[in-house]
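Asks: Here's a sequence, model it:
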Amino acid sequence: MEYKDYYKILGVEKKATESAIRGAYRKLVMKHHPDRNPGNKSAEATLKEINEAYEVLSDPQKKARYDQLGDSYSRWQQTGGAPGGFNWEDWFTQTPGSGRTARVDVEDMFGGMGGFSDFFSAIFGGMGGMSGTAQRQTQRRQRQTAAYQQPVQITLQEAYHGTTRVLQMDGRRLEGKIPPGAQTGTKIRLAGVINGTNGQKGDLYLLIEVLPDGRFERKGDDLYTDVSVDLYTAVLGGQVKVATMTGEVVLTIPAGTQPGQKIRLSGRGMPHLRKPDVRGDLYTNIKVQIPKNLSAKQQELFEKLRQS
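Replies: Now for the predicted structure:
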């Protein structure tokens, strides 16, 4: 199994702060987001690695466990270890502070990202009493039961607050909870609700599509919106009201603001899918309105300004 360098994937140092890690993650998500790379499978694969790396490095417990493995792996390399010769099995069965870890269903935790790598599953899923290979094979067999997808459309407002959808399946009423931060492509797993073949229960996946919103453009967890400002406010400075996902706020326009200038409202974007208390930012794109049909007096004043 290949060792994954999550620090390298995010382009940060091991001693990077939580803020630096989050900033690097946001930049990479914007760069590789499907909206900017339509149909690009390479960008899609890279985005999955980025999300996996951030999931580990943004979580203190996962980060500590990963750093422990990294130190062990580095010592092995420094002693001349050959590629592929690292004893993963010994490491899998070790859990800091105890004997073994409990089994964690990675798809339940992170189904919205289409599943993480075998490396992630092995390190953070626990091995129980099986070998790593045996348990991964068992997990794959278990996931080969019937699975169905149901497209579900939600508004951006629902994606912000979270919502529910009620479905009728085989005469039963099923309720699926969609967490805050869901994006187009997010999959919500309803385990064991489908009557599959051979008496096995299958899973139902709600495939989320977030409908376009006339006010905002979404890029990852960040939102973008246009704000119209009159010429006088752009030149002299002032305040305007800006719509956000939770209502209007007052935005201060600095004197000398230029057309196309972006002003960031921190924490006014979308919630992170797995960390709803962490939100992206809202970027306002300033559009300066040039006055039309000037009066003779106004034209005279502008002429004086031009000549001054």
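Asks: and the longest helix along the chain, how far from the chain's centre?
Replies: The longest helix of the chain (DSSP state H) is helix 60-78. Computed by Cα atoms, centre = their mean, to the nearest Å, the separation of helix 60-78 from the middle of its chain amounts to 25 Å.
Asks: how about the CA coordinates for that helix, as PDB?
Replies: Listed next in PDB are the C-alpha coordinates belonging to helix 60-78 (Å, rounded to 0.1, in the frame of the first residue of the first chain):
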ATOM      1  CA  PRO A  60      -6.700  16.900  15.900                       C
ATOM      2  CA  GLN A  61      -7.200  13.200  16.700                       C
ATOM      3  CA  LYS A  62      -6.700  12.000  13.100                       C
ATOM      4  CA  LYS A  63      -3.800  14.300  12.600                       C
ATOM      5  CA  ALA A  64      -2.100  13.000  15.800                       C
ATOM      6  CA  ARG A  65      -2.500   9.400  14.600                       C
ATOM      7  CA  TYR A  66      -1.300  10.200  11.100                       C
ATOM      8  CA  ASP A  67       1.800  12.100  12.400                       C
ATOM      9  CA  GLN A  68       2.600   9.000  14.500                       C
ATOM     10  CA  LEU A  69       2.500   6.900  11.400                       C
ATOM     11  CA  GLY A  70       4.600   9.500   9.500                       C
ATOM     12  CA  ASP A  71       7.300   9.500  12.100                       C
ATOM     13  CA  SER A  72       7.500   5.700  12.000                       C
ATOM     14  CA  TYR A  73       7.500   5.700   8.200                       C
ATOM     15  CA  SER A  74      10.300   8.400   8.100                       C
ATOM     16  CA  ARG A  75      12.500   6.400  10.500                       C
ATOM     17  CA  TRP A  76      12.100   3.300   8.300                       C
ATOM     18  CA  GLN A  77      13.100   5.300   5.200                       C
ATOM     19  CA  GLN A  78      16.100   6.700   7.000                       C
END
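Asks: Against which helices or strands is it packed?
Replies: In terms of contacts (3 or more Cβ pairs under 8 Å, 6 or more residues apart in numbering; DSSP states H and E), helix 60-78 is packed against helix 41-57, helix 118-125. C-beta coordinates here come from the backbone N, C-alpha and C atoms, glycine included.
Asks: With just CA atoms, put whichever helix or strand Lys8 is part of into PDB.
Replies: Using DSSP states H and E, Lys8 maps to helix 6-10. What follows is helix 6-10, C-alpha atoms only, in PDB (Å, rounded to 0.1, in the frame of the first residue of the first chain):
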ATOM      1  CA  TYR A   6      -1.300  14.700   3.200                       C
ATOM      2  CA  TYR A   7       1.000  17.600   4.000                       C
ATOM      3  CA  LYS A   8       2.400  17.500   0.500                       C
ATOM      4  CA  ILE A   9      -1.100  17.200  -1.000                       C
ATOM      5  CA  LEU A  10      -2.200  20.400   0.700                       C
END
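Asks: Touching it from outside, list them.
Replies: Helix 6-10 is contacted from outside by 13-14, 16, 21, 24-25, 28, 49-50, 52-54, 56-57, 66, using Cβ atoms under 8 Å, 6 or more residues apart in numbering.
Asks: so after that helix, what's the next helix or strand?
Replies: That would be, after helix 6-10 and using DSSP H and E, helix 18-32.
Asks: Looking only at that following helix, what residues are buried by neighbour count?
Replies: 21-22, 24-26, 28-29, 32 (16 or more other Cβ atoms under 10 Å).
Asks: Now do that helix, average pLDDT.
Replies: Averaging pLDDT along helix 18-32 gives 87.
Asks: Could you count how many residues lie near Pro180?
Replies: 18 (other Cβ atoms under 10 Å).
Asks: how about the strands in this protein?
Replies: 147-154, 163-169, 172-178, 187-195, 201-210, 217-219, 222-230, 238-244, 247-253, 262-265, 282-289 (DSSP state E).
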